[in-house]
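Engineer: everything below, folded, please.
(one chain, ligands or ions: 1)
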Amino acid sequence: MLSLAATVPTRGFDVELNVAEGRTLALLGPNGAGKSTALGLVAGTLRPHDGHVTLDGRALVRADGGRPRAWVPPHARQVALLAQEALLFPHLTVRHNVAFGPRSQGTGRRAAAAAADRWLDRVGLTALADRRPATLSGGQAQRVALARALAAEPRVLLLDEPMAALDVDVAPALRQTLRHLLADRTAVITTHDVLDALLLADEIAVIDGGRVVERGTTAQVLTRPRSTFAARIAGLNLLVGSWTGDGVRTPAGEVAHGHAHAEGTDPGIAAGTAMTAVFRPSAVSIYLDERHGSPRNTFRGTVRTLEPRGDLVRVRTDHLAADVTPGAVAELGLVPGTDVWLSVKAAEVDVYPA
Ligand SMILES: Nc1ncnc2c1ncn2[C@@H]1O[C@H](COP(=O)(O)OP(=O)(O)OP(=O)(O)O)[C@@H](O)[C@H]1O
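Structural biologist: From the prediction side, this is the model:
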């Protein structure tokens, strides 16, 4: 079990996280949320002001009001950090770069070379063992860095947006490799990409403003997001408000009628209970005038952005999104600034406790 409970006041950071043995946790959140800070505390590139990081009960660091109480230096933590950039040694071959991992842990030269070959095989790079980093593509270099990190047999693998610097067409293959290598491994991955979370992580913690604002299994967070950030990356619409009996009324006075899912065994939800209405952009239609009649929900909005999304267009207003056809965009004359009505059937709206 990896356990972090630490504050870094200069960064407004105050986070508690646990990762059980063999599980992968994805840290999601906007820029500056504190994701890299969390990784730095675990890796040992950063010290907490208060709190601790423990691995199976052993303190890697402990501090009390800025005073260090325990400190294991980064190289002795059995924690490996894979950064966005591969950071390979340019003068060493691929094999020697990977062998550096176990060598730095005190493994003998021959055993380290054998480990390097084993890991190069696992990341699919055996053929490139004698090459130098300058001759590799970005994706290949990142695979070498991954092999080097894992060849040191770390207890915890940290990945800081490992696909962010790669071309979109190489990212899927590396993601597949990671999927195999992260299974049953204790790992923390920071990402902006919902696919990474979906394919690589067992659990998600959403960090915003230096705090954990949402935590759950990947399925829970992506299908029932409670924070605006999680909903946005999951691509879902989210309206938070209070339960009226058959819908959610937001503080702005909008009402989303939908089907409520109560937690536990209690089927009754008291009026006024904080609830969240969730619905997909693909379930939303756009009109230039208000459509009446149940079972539709309608919301007023002004188009802010239009983005291509597959063969549809994602139209965003200030707080909602709709996926419509290019034909509909043309017919309605949608441009940023167009006032619209967004409509969704109550049957398409799921309501969860907020
Ligand atoms: N080296 C630093 N010195 C001081 N403050 C920093 C430093 N690095 C980051 N910060 C601050 O700490 C806070 C958290 O930043 P952090 O880099 O952990 O966020 P992040 O979630 O990883 O963001 P991103 O997605 O942009 O990488 C921010 O307010 C940031 O400005």
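
Engineer: so which bits of this protein are right by the ligand?
Structural biologist: Applying CB under 6 Å from any ligand atom, we find that the chain lies next to the ligand at 11, 29, 31-37. Every residue, glycine included, has its C-beta placed from N, CA and C.

Engineer: can you put those residues in TSV and add neighbour count and distance to A112?
Structural biologist: As requested, the residues of the chain next to the ligand are exported to TSV (neighbours: other CB atoms under 10 Å; distance: CB to CB, whole Å):
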residue	neighbour count	distance to A112
R11	15	37
G29	26	37
N31	6	38
G32	13	39
A33	24	37
G34	25	36
K35	25	32
S36	20	29
T37	21	32
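
Engineer: can you pull out the helices in the chain?
Structural biologist: With DSSP state H, the ranges of helices along the chain come out as 35-43, 94-104, 109-122, 138-151, 171-182, 194-200, 218-223, 228-234, 326-332.

Engineer: tabulate the ones you listed in a markdown table, adding columns for mean pLDDT.
Structural biologist: Formatted as a markdown table, these follow (pLDDT from 0 to 100):
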| stretch | mean pLDDT |
| --- | --- |
| helix 35-43 | 97 |
| helix 94-104 | 94 |
| helix 109-122 | 96 |
| helix 138-151 | 94 |
| helix 171-182 | 86 |
| helix 194-200 | 79 |
| helix 218-223 | 80 |
| helix 228-234 | 79 |
| helix 326-332 | 94 |
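
Engineer: for P30, give me its contacts.
Structural biologist: 208, 229 (CB atoms under 8 Å, 6 or more residues apart in numbering).

Engineer: and for the one 10 residues further on?
Structural biologist: Contacts for G40 were tallied using CB under 8 Å, 6+ apart; they are L46.

Engineer: dump the helices of the chain into a markdown table; add distance to R211 as well.
Structural biologist: What follows is the helices of the chain, written out as a markdown table (distance: least, CB to CB, whole Å):
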| stretch | distance to R211 |
| --- | --- |
| helix 35-43 | 11 |
| helix 94-104 | 34 |
| helix 109-122 | 37 |
| helix 138-151 | 29 |
| helix 171-182 | 26 |
| helix 194-200 | 19 |
| helix 218-223 | 16 |
| helix 228-234 | 12 |
| helix 326-332 | 38 |
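
Engineer: number of nearby residues for whichever residue of the stretch 51-200 of the chain sits closest to the ligand?
Structural biologist: Among residues of the stretch 51-200 of the chain, the one nearest the ligand by CB to the nearest ligand atom turns out to be T190. It sits 6.2 Å away. T190 sits with 24 neighbouring residues when counted by other CB atoms under 10 Å.

Engineer: next: the one 3 residues further on.
Structural biologist: Neighbourhood size, D193 [other CB under 10 Å]: 18.

Engineer: any idea of the pLDDT on the residue lying closest to V53 once chain neighbours are set aside?
Structural biologist: In space, and not counting its chain neighbours, V53 is closest to L60: 4.6 Å by CB to CB, 6 or more residues apart in numbering. Looking at L60, its pLDDT is 98.
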